[in-house]
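*Asks:* here's a sequence, model it:
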Amino acid sequence: MKGLSDAAGRVEGQPMFRILARANHLEREGRRILHFEIGEPDFESPRHVVERAKKALDDGDTHYVNSMGIPELREAVCDATERDYGFRPDLEQVLIAPGANPIIYFAMRAVANPGEEVIVQDPGFPTYYSAMKFIGLKPVKIPLYEENEFRMDPDDVRKRITPKTRLIMMNSPQNPTGAVMTGGEVEEMASIAEEHDVYLLTDEIYGKMLYEAAHHSPSLRDECRERTIMLNGMSKAYAMTGWRLGYSIAPRDVTEKMGLILQTIVSCVPPFVQRAGIEAILGPQTVVDDMMAEFRKRRDLIVQGLNSLPGVSCLTPGGAFYVFPNVKGTGMSDVEFSEYMLEEAGVATCPGRYFGEHGAGFVRFSYATSLPEIEEAVERMREALEKRGVG
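*Replies:* Residues are numbered from 1 along each chain as shown. Prediction:
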């Protein structure tokens, strides 16, 4: 008898794309929708990166390559890591992947068995949960609290370690809250992983996207040689989401197995895309600085605007391009708020519970949009709340 597998029934995907689909439907009906639901920089990819890819295409760089990544890009990752972190990984520790997202799955698949536990932030990136559920891993959720600025508390992690714990996942700067862990907290996370001899996956896709604090990484403890798996990529900091180019630095044996999984599923990352990646991480970094200067203006504007709305309060995030306001004072749940703002105000957002049960009562806004659209969105939401009698 034909039918789908049990694993297929466990796949959940990313719910924000369902919101995007609804927003696109409204646009086809003639509505003007302001988009804050998808985590994608609205900047164009850097021109020198685009030109390098075009040259690679003109040079015929369109064939199969090593599934681990071309040596030149892997060396470039080593160079950039030494520049940004102060240590140089071995080439055998580096894997080039079609985006950072697949590495989450590859890493879990490589180090954990069904039924074993993975410690993860809640709220957190939906792919974490979807991958765990698909594989059959047990998520051990660490609540993030508004009163702690949504930072992952190492003491909470320590209390949840069990003999079944196989992997700890951390993400700073964080999606969906924009929270940035302190240097002491990050160091303590590395200590916990070392003490309990478990793997630590540190998702640093937003590592260059900070406003005030410096970036701290647990990878400095073992230089990713023993238990730390560092995930990174070009999508966010270089506005290259559509290029699908990510990388990991991990212990050699983990990297080897993740590489075989990648080889099995996608063969390799297109070489012309990898050539562009070299240009991104070793080329002029002023493009990142310029983008972050603009994001800072947007952050400050949207935080001010949200805090001016009745029933809404919003912390100032330390990194990434997300705010995570508390909407409990509006009398609506986060799902009701998000649906109401989309249908009534034409403002697309994402309910906090889509990122985990502890996100309930909050809504994620991705402020990867223009300053005028932020101002317009705030005013539209103000009118919608007044119409509903809030405040």
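
*Asks:* show me the domain layout of the chain.
*Replies:* Following automatic domain parsing, the chain resolves into domains at 6-44+287-388, 61-282.

*Asks:* how about those, which one is nearest Arg52?
*Replies:* With Cβ to Cβ as the measure, domain 61-282 is the member of the domains of the chain nearest Arg52 (4.0 Å). Glycine gets a C-beta too; all of them are placed from N, C-alpha and C.

*Asks:* from the middle of its chain, how far away would the closest one be?
*Replies:* 10 Å (Cα atoms, centre = their mean, to the nearest Å).

*Asks:* ends of that domain, how far apart?
*Replies:* 20 Å (Cα to Cα, to the nearest Å).

*Asks:* do the same with stretch 342-355
*Replies:* OK, stretch 342-355 end separation, Cα to Cα: 19 Å.

*Asks:* repeat for stretch 53-70
*Replies:* Using Cα to Cα, the end-to-end distance of stretch 53-70 comes to 14 Å.

*Asks:* do stretch 89-107 as well
*Replies:* 18 Å.

*Asks:* I'd like the domains of the chain laid out as a markdown table, including distance to Ala53.
*Replies:* Below are the domains of the chain laid out as a markdown table (distance: least, Cβ to Cβ, whole Å):
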| stretch | distance to Ala53 |
| --- | --- |
| domain 6-44+287-388 | 13 |
| domain 61-282 | 4 |
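
*Asks:* how many neighbours does the closest residue to Tyr64 other than its chain neighbours have?
*Replies:* Leaving aside its sequence neighbours, Tyr64 sits nearest to Cys268 (Cβ to Cβ, 6 or more residues apart in numbering; 5.9 Å). Counted with other Cβ atoms under 10 Å, the neighbours of Cys268 add up to 20.

*Asks:* ok, now which ones touch Cys268?
*Replies:* Cys268 sits next to Tyr64, Val65, Asn66, Ser67, Gly69, Leu262 when contact means Cβ atoms under 8 Å, 6 or more residues apart in numbering.

*Asks:* what do you get for Trp243?
*Replies:* Contacts of Trp243 by Cβ under 8 Å, 6+ apart are Ser45, Met234, Ser235, Val273, Ala276, Gly277.

*Asks:* one more: Thr202?
*Replies:* Thr202 neighbours (Cβ under 8 Å, 6+ apart): Met170, Asn171, Ser172, Ser217, Pro218, Ser219, Thr228, Ile229, Met230, Leu231.

*Asks:* just want to check the distance between the residue nearest to Tyr64 and Gly259.
*Replies:* 10 Å (Cβ to Cβ, to the nearest Å).

*Asks:* overlap in contacts, those two.
*Replies:* Ser67.

*Asks:* Val347 and Gln93, how far apart?
*Replies:* 43 Å.

*Asks:* sorry, back to before: between the contacts of Cys268, which sits nearest Ala76?
*Replies:* Using Cβ to Cβ, the contacts of Cys268 come closest to Ala76 at Gly69, 9.8 Å.

*Asks:* show me the beta-bridge partners of the closest residue to that closest one other than its chain neighbours.
*Replies:* Among residues not flanking Gly69 along the chain, Ile96 sits closest, at 2.7 Å (Cβ to Cβ, 6+ apart). Note on Ile96: beta-bridge partners by DSSP bridges are Tyr247.

*Asks:* where do the strands sit along the stretch 251-391 of the chain?
*Replies:* Assigned strands in the stretch 251-391 of the chain, in chain order: 322-323, 347-348, 350-351, 363-366 (criterion: DSSP state E, counting those that start in this stretch).

*Asks:* can you tell me what sits against the first one?
*Replies:* Which is strand 322-323. 39, 175-178, 299, 302-303, 306, 314-315, 317, 364-367.

*Asks:* out of the domains of the chain, deepest packed?
*Replies:* domain 61-282 (a mean of 20; mean count of other Cβ atoms under 10 Å).

*Asks:* end-to-end on stretch 133-145?
*Replies:* Stretch 133-145 end-to-end distance (Cα to Cα) = 24 Å.

*Asks:* mean confidence score for it?
*Replies:* Stretch 133-145 shows a mean pLDDT of 97.

*Asks:* which other residues reach it?
*Replies:* In contact with stretch 133-145 (Cβ under 8 Å, 6+ apart) are residues 7, 10-12, 105, 108-109, 112, 114-124, 128-129, 132, 150-153, 156-157, 160, 162, 164-166, 174, 177, 179, 356-358.

*Asks:* thinking again about what came up before, CSV please, covering the contacts of Cys268 and showing pLDDT and secondary structure.
*Replies:* Output for those, formatted as CSV (pLDDT from 0 to 100; DSSP: H, G, I helix; E, B strand; the rest coil):
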residue, pLDDT, secondary structure
Tyr64, 97, coil
Val65, 97, coil
Asn66, 97, coil
Ser67, 97, coil
Gly69, 98, coil
Leu262, 97, helix
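
*Asks:* what's the pLDDT at Ala8?
*Replies:* 86.

*Asks:* er, Gly356 I mean
*Replies:* 96.

*Asks:* quick check, it in contact with Ser130.
*Replies:* No. Using Cβ atoms under 8 Å, Gly356 and Ser130 do not qualify as a contacting pair, with a distance of 11.7 Å.

*Asks:* before we move on, back to that, quick one: least confident of the contacts of strand 322-323?
*Replies:* Out of these, that is Gly39, at 84.

*Asks:* wait, isn't it in contact with Phe321?
*Replies:* Yes. At 7.3 Å, Gly39 counts as touching Phe321 under the criterion of Cβ under 8 Å.
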